[in-house]
Each structure stands twice: as C-alpha cells, then as structure tokens.
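[1] Predicted structure and sequence below. I'll ask about it afterward.
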Amino acid sequence: MFRPDRKNILINGAPGSGKTTLVRTIAHNLHDLCPVGFYTAEIRINGIRQGFELVSLSGERRILSHVTINSPHRVGKYKVDINGFEEFCTALPLGDTRHPLIIIDEIGKMECMSAQFRQMVEQALISDTIVLATIALKGDRFIEGIRQRDDVELFTVSQQNRHILPDLIIPKIRKMVGETERDTGSVTLKKKRPDLACVQPSTTLSPIYIRSQPPS
C-alpha cells in the first residue's frame, strides 16, 4: 500500500532486472515536472562491458568508471573516477527547490565511495523534494541505513513486474507533487515555475550505451 508519509521512493533488484530502464521510463513520463538527476549506463565495446557512464536528465555525460582510466579507486575490474563524479554531481541543480523530483541512479558501491555524494543523498532525502532512486541490493552501513529510513518506500523490480511498476509509481509521484503544491498555495506547476525550462528525457529506454572506442 502506498504510504503518503514516505516521499522517498527506492528501487532495487538484481542486475539486469530493469532498474535503470524503469527510472528512465518514469522520468520520461514525468518530464512536465522538470525532474533533475542522472542515470547510469553501461559502456560496451564489441559487446563486452568496459565501464559505466553517468548521463544527466538534461543530456550531459561523464565517465563514472572504466577498465582503462587511471584511478586509485576500484570496484572489481573497474577503476572509478571519483573527482569526475563529484564534478558531475556538483553541476546538477539538485538544490533548486523549483524541481519537485530528484532522480538518482544509483546509490551503489561505486557512487558511495564519494563522501560528497553520500552527503548529497542525505540532503536530498531530508529535503521537501521527492526522491526517486535505485539502490544496491546490499551494501555498507550507509546504504543499509538509507534502505531502513522511515521516509522511504522500497520497490523491488523483477522481469515479472517491471512493466507494471511505472503505472504504480508515476501516479504516486504526481499525487505527492499535487499535495505539496496545494499545501504551498500553488495552483499549477507551470504557474509556480514559469521560468523553468524542462528537458524531456530521451524516449530510447535501453540502459546500455555503446562506444566503439574506449574513453580518452
């Protein structure tokens, strides 16, 4: 049952279950709310995964991790560009309260190597802004603490339910946004934010981004 007191929505699931596709579908359908944030896409060369790339909802891209980059930070075979990740996150307008929805894909082991990212997540969760985020199935104390928050509603995506979850989550977010605007005396989102340009996310929902050459 939907809990109106839980304004933070977390999505977890096994690798390949469709978490990123789900959040991109939701972002596309809620583009009129001007969501901000990012998703993570695979980088494949000749069909072999080489790393992960960050893609903001407005289209900016940055390497998160790759087998060929120079970095002392590593998860498995992937080296993680923590400095680049933090620069990418700093450029996102996550603190702009005109945006009623923040999307984070994902709260995972690579991302949580950054203390700045962990702080950003905590600030978003305690803010008045709705947060939709994917989260690792298991993790360290920080990740487990996020999963156990009282203001969080957790959905587990699978191949069986990933096609119906958008129809459950999208109305919930719209209802929460409507209640927030009613509480603040706003009539409509556009009237409240007339100067806010909304960028519609791509309708191409494949979570895999393919490069023919490794990043420089």
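    Here it is on my side, so go on.
[2] Could you give the number of residues near the closest residue to residue 137 other than its chain neighbours?
    Spatially, and ignoring its direct neighbours in sequence, residue 137 is nearest to residue 12 (5.3 Å; Cβ to Cβ, 6 or more residues apart in numbering). Using the backbone N, CA and C atoms, a C-beta is placed for each residue, glycine as well. For residue 12, the neighbour count with other Cβ atoms under 10 Å is 20.
[3] which residues touch residue 12?
    19, 134, 135, 136, 137, 147, 154, 155, 156, 157 (Cβ atoms under 8 Å, 6 or more residues apart in numbering).
[4] cutoff 10 Å now
    Contacts for residue 12 (Cβ atoms under 10 Å, 6 or more residues apart in numbering) come out as 19, 106-107, 133-138, 143, 147, 154-157.
[5] Name the spans of the chain whose pLDDT lies under the cut-off.
    By pLDDT under 70, the weakly predicted segments of the chain are 1-4, 179-216.
[6] And the helices in it?
    Ranges of helices in the chain, per DSSP state H, are 19-29, 82-90, 115-126, 141-147, 165-183, 189-192.
[7] Relative to residue 170, which of the contacts of residue 12 is nearest.
    residue 155 (12.2 Å; Cβ to Cβ).
[8] That closest one is in contact with residue 147, isn't it?
    No - at 11.8 Å, residue 155 does not count as touching residue 147 under the criterion of Cβ atoms under 10 Å.
[9] returning to that earlier point: just the contacts of residue 12 now: which is nearest residue 65?
    residue 106 (12.5 Å).
[10] Apart from its chain neighbours, what residue comes closest to the closest one?
    Nearest one to residue 106, counting by Cβ to Cβ, 6+ apart, is residue 134 at 3.9 Å.
[11] Which residue would you name as the spatial centre of this structure?
    By Cα atoms, centre = their mean, the chain has its centre lying nearest to residue 104, at 1.8 Å.
[12] Could I get the contacting residues of that residue?
    10, 23, 36-40, 89, 92, 94, 111, 117, 120-121, 124-125, 131-135.
[13] partners of it in the sheet?
    Using DSSP bridges, the bridge partners assigned to residue 104 are residue 38, residue 133.
[14] which residues does residue 154 contact?
    For residue 154, the contact set (Cβ under 10 Å, 6+ apart) comprises 6, 8, 9, 10, 11, 12, 135, 146, 147, 148.
[15] in stretch 66-83, what's buried?
    66, 67, 69, 78, 79, 80, 81, 82 (16 or more other Cβ atoms under 10 Å).
[16] Which ones among those residues lie within strands?
    The strands, defined by DSSP state E, take in 66, 78, 79, 80 from the buried residues of stretch 66-83.
[17] Can you say which of the contacts of residue 154 are buried?
    Applying 16+ other Cβ under 10 Å to the contacts of residue 154 flags 6, 8, 9, 10, 11, 12, 135, 146, 147 as buried.
[18] surely residue 149 meets residue 9?
    No - in this structure, residue 149 is not within contact of residue 9 by Cβ under 10 Å, at 11.6 Å.
[19] Residue 93 and residue 35: what is the separation?
    As judged by Cβ to Cβ, to the nearest Å, residue 93 and residue 35 stand 11 Å apart.
[20] sorry, that was for residue 16
    Taken as Cβ to Cβ, the span from residue 16 to residue 35 is 24 Å.
[21] can you check residue 52 too?
    For residue 52, the distance to residue 35 - Cβ to Cβ - is 21 Å.
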